[in-house]
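Asks: Provided below are the primary sequence and the corresponding predicted coordinates.
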Amino acid sequence: MPTIQPIQSVKLKDITSKIGSGATPRGGKNSYITEGIALIRSLNVYDFSFAYEGLAFIDEKQASQLENVLVERDDILLNITGASVCRCCLVPQNVLPARVNQHVSIVRIKPRAADARYVLYAINSPYNKRRLLAIAQGGATREALTKEKIENFEIPTPPLPTQEKIAAILSAYDDLIENNLRRIEILEEMAQTIYREWFVKFRFPGYQKVKMVDSPMGKIPEGWKVISLDEIMDFQGGAQPPRAEWSDEPAIGFIRMIQIRDYQSDNYVCYVKDSDKLRKCVRQDIMIARYGASVARICWGLEGAYNVALVKVIPLKTHYREYFRTYLQSETFQALLIGMSGRTAQAGFNKSNLKSIPLPFPVDDLIMDKYQNLVEPLRLLELTLQEKNRTLRQTRDLLLPKLISGELDVSELDISIPEANA
């Protein structure tokens, strides 16, 4: 077998023009506005991908006070504190201009010193990510990366043309993943549009022949009634298995609240042994985040055992499932549940909250059957796209360490490099 040639390593400070974090504007969350200059926080930064949900905005005056942490194209965003420490991604162009707060560091690569996308993949490779996490956790009471630690972190750096080829190979997978996520968003919006037409505007099939009558919630179609949410659904909380039931080998994936995003349930933090104490979900089950800053967030496509911070929705009739999948993501439900539970570390809700959530609901099951039959194909396509993304991520993650280590040599391959990175 051919011998793998060692690849030279360099410290990040030798290939960067900037490494630095920002600050929270005076006034904290109260100073955020609905539109303006984006303020990127740690909740927006995931490995390989950027989360738009929760993106904050500040005005020009506040942004000018953070001019030293102006985010530029191709900057790497690296979380430096807390539970999400060491997560990193490339800033998307559509959030620029932007700033970062004190929990996120900008890592800016010097032109022609290295390829920014390659550096991102090198940091996120399993071996280097373990090293970085060990540095963040070493000797401190709180997980954190200092500027000095980042500057002195070493990554392998093959010649620039090879870096560009490695980045081109791996980013092809991420581009496909991003495209599938956009398709999922379109399917979701289609389901939401149908929901609003049928259950908010009451323009369901045959509505022209149904008269509107008074109710505690205003005018509703005749044959509908106002009910409380607990009359048509229940939910099952998760469980926290004792440490003795955790597994060092892949067994049953243990799902935590952090995984209710982008359907990445394959990224398990740990595994647990099978036992009667576990609460399990399958990909079609609807899950809700029960506590913390993510309270009321909805997801499906998860499979495994889930912890106490999550609950599984149980429709009292099976043909209510697609209705719930859409209703629970509606602005109406989200506002009600978040208002009841708040968005603090101690925030949460329980079954009694369901009794206080009213909604107009058709007595005739025929409407629910029609909605289920119309929307279910959209959901099945979503699940298919999620599954494709899992396969793409798994393939990328198998290739990543082999490419970064040089085990797979691509230096002689004829690979087209995008102009922006050439």
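Replies: On my side now, so go ahead. Source: prediction; values computed, not measured.

Asks: show me where pLDDT drops low in the stretch 251-400 of the chain?
Replies: Within the stretch 251-400 of the chain, the segments meeting pLDDT under 70 span 257-271, 293, 342-347.

Asks: Which parts of it are strands?
Replies: 252-255, 270-272, 280-281, 287-289, 298-299, 304-306, 310-315, 358-362 (DSSP state E, counting those that start in this stretch).

Asks: Which among the ones you listed is found nearest to residue 336?
Replies: Among the strands of the stretch 251-400 of the chain, the nearest to residue 336 by Cβ to Cβ is strand 358-362 (9.2 Å). Where you see a C-beta, it was placed from the backbone N, CA and C, and this is true even at glycine.

Asks: next one: the closest one to chain centre, how far?
Replies: Relative to its parent chain, strand 358-362 has a centroid offset of 31 Å by Cα atoms, centre = their mean, to the nearest Å.

Asks: now stretch 333-341
Replies: 20 Å.

Asks: Over to stretch 101-113?
Replies: In terms of Cα atoms, centre = their mean, the centre of stretch 101-113 is set 22 Å apart from its chain centre.

Asks: That one: end-to-end distance?
Replies: End-to-end distance for stretch 101-113, by Cα to Cα, to the nearest Å: 27 Å.

Asks: Let me know the average pLDDT across it.
Replies: If you average the pLDDT over stretch 101-113, you get 93.

Asks: Check stretch 204-222 too.
Replies: Mean pLDDT, computed over stretch 204-222, is 94.

Asks: Which of the residues in that stretch are classified as buried?
Replies: 204, 220-221 (16 or more other Cβ atoms under 10 Å).

Asks: now, which of those lie within strands?
Replies: 220-221 (DSSP state E).

Asks: on that earlier part again, could you dump the strands of the stretch 251-400 of the chain to CSV with mean neighbour count?
Replies: Shown next, in CSV, are the strands of the stretch 251-400 of the chain (neighbours: other Cβ atoms under 10 Å):
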stretch, mean neighbour count
strand 252-255, 22
strand 270-272, 17
strand 280-281, 20
strand 287-289, 24
strand 298-299, 21
strand 304-306, 24
strand 310-315, 20
strand 358-362, 18
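
Asks: Go through these and name the closest to residue 96.
Replies: The closest of the strands of the stretch 251-400 of the chain to residue 96 is strand 298-299. By Cβ to Cβ, the value is 28.3 Å.

Asks: Can you spell out which helices and strands pack onto that closest one?
Replies: Judged by 3 or more Cβ pairs under 8 Å, 6 or more residues apart in numbering; DSSP states H and E, the packing partners of strand 298-299 are strand 287-289.

Asks: Relative to the strand it packs on, what are the paired strands and their orientations?
Replies: strand 298-299 (antiparallel), strand 310-315 (antiparallel) (DSSP bridges).

Asks: Could you dump those strands into a markdown table and include distance to residue 332?
Replies: As requested, the strands paired with strand 287-289 are exported to a markdown table (distance: least, Cβ to Cβ, whole Å):
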| stretch | distance to residue 332 |
| --- | --- |
| strand 298-299 | 13 |
| strand 310-315 | 16 |
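
Asks: Relative to residue 233, which of the ones you listed is closest?
Replies: In terms of Cβ to Cβ, the element of these nearest to residue 233 is strand 310-315, at 5.4 Å.
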